[in-house]
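Colleague: Sequence plus the predicted model coming up.
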Amino acid sequence: MKVVIVGGVAGGATAAARIRRLDEQAEIQVFERSGYMSYANCGLPYYIGGEIEDAEELTLQTPESFFRRFRVNVKVRHEVTAIHPQKKTVAVRNLETGEEFEESYDKLLLAPGAKPVVPNLPGVNAKRLFTLRTVEDTFAIKRFIAEHPVKSAVVVGGGFIGLEMAENLRALGMDVTIVQLLDQLMTPFDPEMAVLIHTQLRSHGVKLRLGTAVQGFGETQNGIDVITDRAGTLHADMAVMAIGVFPESALAAKAGLTLGVRGSIAVDERMQTSDPDIYAVGDAVQVKNGVTGEETMISLAGPANKQGRIAADNICGRDSRYRASYGSSILKLFDMTAACTGVSETAARRAGIDADKVILSPMSHAGYYPGGRVMTMKVVFEKKTFRLLGAQIIGFDGVDKRIDVIAAAIFAGLDAVSLKELDLAYAPPYASAKDPVNMAGFMIDNIRNGDLRQWFVEEADALPRDGSVTLLDTRTPGEYARGHVDGFINIPVDSLRERIDEIEPGKPVYVICQSGLRSYIASRILAGVGFESYNFAGGFRFYDAVMNDRRMSREAAACGMEK
């Protein structure tokens, strides 16, 4: 059997190694358009920033080492220009010599990945405007910074690559501005959670121009102008375009293979295309969203590697299936971590799911053990069924393990209430006896049992201030004095029983505290004596962060300053 693989990075290299492990006799030929194979795509921004010092650490294998280990022929700087399914050949061009030839196959695997979106804007070919996809792109940026006095940069786009580039350029001491078309960064997160990402970036000196469209670029004698619709012209020494990717599916389209959403390559669970002898994996393929069931594209390294293994199994005669993608992802932002899995509340509602949520602010480990840090968790579930839909966690310690637990729970089909039953490891340096994941489950169980009714930050402005409801802040007087929601009276939770006659009977009570715990206790006290009460999800700390972000947005709209 002869297998030709187009693309030698994540999915392609994984498939090649797996095929060899399953079939020692197979002839395996990999063509990679760039000059490198099996490189750590996700590590590229950290080499630019100096976190990864040795360029060789970026390449996990070379063609020579891969051949020694697996007897797989890898030709870099070779571009496959056409597929001929009837002849079962591919046309190949040697990018070093210009030589063109055809290569036959019994089975063909497409792993071309995705390429950066570069809109057709004036000046988009400016020499100081970069994209980041390949090792060559990385070296070009690194070399430019080394050879020029680069003190400022504009990053266009607020997704994973954009934020990682912003962090690493800032680590080099640059003045960094992010321009984002939407009103928030990181769209896998709901808007109120993205606020915490905005705050973190601003606290490290990164300027944000949100809700701002780039209209073009202009080269100057010593820099580049980024022309926008709302922020005027931003001048910098360099700019990076990171507004997203689209699938490298041109080969598949020309070969007559069926395409899917956004021009991706349509595949079945076996990673097989509409041609039974052609398979496809990675960022170029359409996958099923494991929560909504919708066909989508999810460009992440984990799914690409798993798909490469599954395609290899099927090429070698086994029956292996890729069920779905869940979008589990994580991002380092200076000393903070932001992670998500499943779908956000926004995405769930867009898919027609009646979603509910809990927001909590637990400590990363036992509060009495030194070094604990607060994290913010949002867990999304379906109202009637309590099906677990997704989670977003932002914090400084322990975020990764909590998001992985919830990702596993979603994959296993657990409902949201079941989070309270998970038997998770505990010792004071690592967790609390009631782990944050368990706490989310307890809260959702309280909602199911009618013990917890919530109100949310998006309802704050609409709360009546006409006396028809009671607005109650249960923090200490000192906390209340440092900042509170307008219209809320202050009765500390520990004094509430003695001062209950200060709350007018027959009116709903909306309660808030710093994190949501004391206000929940207050809600139970109130319910115990006949009041209808609602607890604020997330606490005043969360409310204050959202309101501060809104204030900065209003100021930006009024005076054209940073959002």
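Modeller: Perfect, thanks for sending it. These numbers were taken from a predicted model, which means no experiment stands behind them.

Colleague: Show me the strands in the stretch 301-450 of the chain, by range?
Modeller: 329-333, 336-342, 355-360, 376-382, 388-395 (DSSP state E, counting those that start in this stretch).

Colleague: Please state the offset of the third one from the chain centre?
Modeller: By that I understand strand 355-360. Offset of strand 355-360 from its chain centre (C-alpha atoms, centre = their mean, to the nearest Å): 19 Å.

Colleague: Quick check: Ile52 touching Leu58?
Modeller: Yes - when contacts are counted by C-beta atoms under 8 Å, Ile52 is listed as touching Leu58 (6.8 Å). From N, CA and C alone the C-beta is placed, and that goes for glycine too.

Colleague: gap between the closest residue to Leu333 other than its chain neighbours and Ile406?
Modeller: Leaving out its chain neighbours, the residue that sits closest to Leu333 by C-beta to C-beta, 6 or more residues apart in numbering is Gln200, at 5.2 Å. When distance is defined by C-beta to C-beta, to the nearest Å, Gln200 is 22 Å away from Ile406.

Colleague: Who has more neighbours out of the two?
Modeller: Set side by side, Gln200 and Ile406 show more neighbours around Ile406, with 28 against 20, by other C-beta atoms under 10 Å.

Colleague: List the contacts of the residue lying closest to that one once chain neighbours are set aside.
Modeller: Spatial nearest neighbour of Ile406, chain neighbours left out: Ala391 (4.4 Å); criterion: C-beta to C-beta, 6+ apart. Ala391 makes contact with Cys340, Thr341, Gly342, Met377, Lys378, Val379, Val380, Arg402, Ile403, Ile406, Ala440, according to C-beta atoms under 8 Å, 6 or more residues apart in numbering.

Colleague: Reformat the residues you listed as CSV; add distance to Val281 and pLDDT.
Modeller: Formatted as CSV, these follow (distance: C-beta to C-beta, whole Å; pLDDT from 0 to 100):
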residue, distance to Val281, pLDDT
Cys340, 23, 98
Thr341, 21, 98
Gly342, 22, 98
Met377, 33, 98
Lys378, 32, 98
Val379, 31, 98
Val380, 29, 98
Arg402, 29, 98
Ile403, 24, 98
Ile406, 26, 98
Ala440, 34, 98
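
Colleague: and the helix or strand where the residue nearest to Leu333 lies, which residues are buried?
Modeller: Per DSSP states H and E, Gln200 falls inside helix 191-203. If you call a residue buried by 16 or more other C-beta atoms under 10 Å, then helix 191-203 has these buried ones: Pro191, Glu192, Met193, Ala194, Val195, Leu196, Ile197, His198, Thr199, Gln200, Leu201, Arg202.

Colleague: I'd like to know how far His78 sits from Leu257.
Modeller: Counting by C-beta to C-beta, the gap from His78 to Leu257 is 21 Å.

Colleague: wait, Tyr46
Modeller: Using C-beta to C-beta, Tyr46 is found at 35 Å from Leu257.

Colleague: what's the answer for Ala140, then?
Modeller: 32 Å.

Colleague: same check, this time on Arg387
Modeller: 35 Å.

Colleague: Same question for Ala91.
Modeller: 16 Å.

Colleague: Between the two, tell me which one has more neighbours.
Modeller: Neighbour count, other C-beta under 10 Å: between Ala91 and Leu257, Leu257 has more, with 20 against 15.

Colleague: Low-confidence stretches in the protein?
Modeller: 556-563 (pLDDT under 70).

Colleague: what do you get if the cut-off is 90, keeping everything else the same?
Modeller: By pLDDT under 90, the weakly predicted segments of the chain are 10, 38-43, 53-61, 221-222, 230-231, 299, 367, 550-563.

Colleague: residue boundaries of the helices in it?
Modeller: Here the chain has its helices, by DSSP state H, at 10-22, 44-48, 63-70, 135-147, 160-171, 191-203, 250-254, 301-315, 345-350, 399-412, 436-449, 477-481, 517-528, 539-559.

Colleague: Quick one: closest of those to Ala126.
Modeller: Nearest to Ala126, of all the helices of the chain, is helix 135-147, at 12.1 Å by C-beta to C-beta.

Colleague: then that closest one to PDB, C-alphas only?
Modeller: Output in PDB follows, covering the C-alpha atoms of helix 135-147 (Å, rounded to 0.1, in the frame of the first residue of the first chain):
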ATOM      1  CA  VAL A 135       8.200  28.600  11.200                       C
ATOM      2  CA  GLU A 136       9.300  30.800   8.300                       C
ATOM      3  CA  ASP A 137       6.700  33.500   9.400                       C
ATOM      4  CA  THR A 138       8.200  33.300  12.900                       C
ATOM      5  CA  PHE A 139      11.700  33.700  11.800                       C
ATOM      6  CA  ALA A 140      10.700  36.600   9.600                       C
ATOM      7  CA  ILE A 141       9.200  38.400  12.600                       C
ATOM      8  CA  LYS A 142      12.000  37.500  14.900                       C
ATOM      9  CA  ARG A 143      14.600  38.700  12.300                       C
ATOM     10  CA  PHE A 144      12.700  42.000  11.700                       C
ATOM     11  CA  ILE A 145      12.600  42.800  15.400                       C
ATOM     12  CA  ALA A 146      16.400  42.000  15.700                       C
ATOM     13  CA  GLU A 147      17.300  44.200  12.800                       C
END
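
Colleague: May I see the buried residues of that helix?
Modeller: Those would be Val135, Asp137, Thr138, Phe139, Ile141, Lys142, Phe144, Ile145, for helix 135-147 by 16+ other C-beta under 10 Å.

Colleague: ok, and what's touching it?
Modeller: 34-36, 39, 44, 47-48, 55, 58-59, 128, 130-132, 150, 172, 238, 240.

Colleague: any idea how far Ile491 is from the residue of the chain positioned farthest from its centre?
Modeller: Distance to the chain centre peaks in the chain at Asp501, reaching 48.2 Å (criterion: C-alpha atoms, centre = their mean). Look at Asp501 and Ile491: by C-beta to C-beta, they are 11 Å apart.

Colleague: ok, back up a step: and for Ile52 and Leu58, which residues touch both?
Modeller: Gly43.

Colleague: Please name the residues that touch Ala213.
Modeller: Ala213 touches Leu181, Thr228, Asp229, Arg230, counting by C-beta under 8 Å, 6+ apart.

Colleague: Likewise for Gly223?
Modeller: Arg128, Ser152, His235, Ala236, Asp237, Met238.

Colleague: Make CSV out of those and add neighbour count.
Modeller: Below are the contacts of Gly223 laid out as CSV (neighbours: other C-beta atoms under 10 Å):
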residue, neighbour count
Arg128, 22
Ser152, 17
His235, 14
Ala236, 22
Asp237, 20
Met238, 23
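
Colleague: Of these, which is the nearest to Phe396?
Modeller: Ser152 (28.1 Å).

Colleague: Just list whatever residues bridge to that closest one.
Modeller: With DSSP bridges applied, Ser152 shows beta-bridge pairing to Asp175.

Colleague: what's the closest non-adjacent residue to Ser523?
Modeller: Ser533 is the one closest to Ser523 (C-beta to C-beta, 6+ apart), at 4.2 Å.

Colleague: How much space separates the one you found from Arg262?
Modeller: Distance of Ser533 to Arg262, given as C-beta to C-beta: 46 Å.

Colleague: ok, these two, which is more surrounded?
Modeller: Ser533 (22 against 14).

Colleague: how much space is there between that one and Leu471?
Modeller: Taken as C-beta to C-beta, the span from Ser533 to Leu471 is 11 Å.

Colleague: Now for these two: what residues contact both?
Modeller: With C-beta under 8 Å, 6+ apart as the test, Ser533 and Leu471 both reach Val509, Tyr510.

Colleague: Brilliant, that's me finished.
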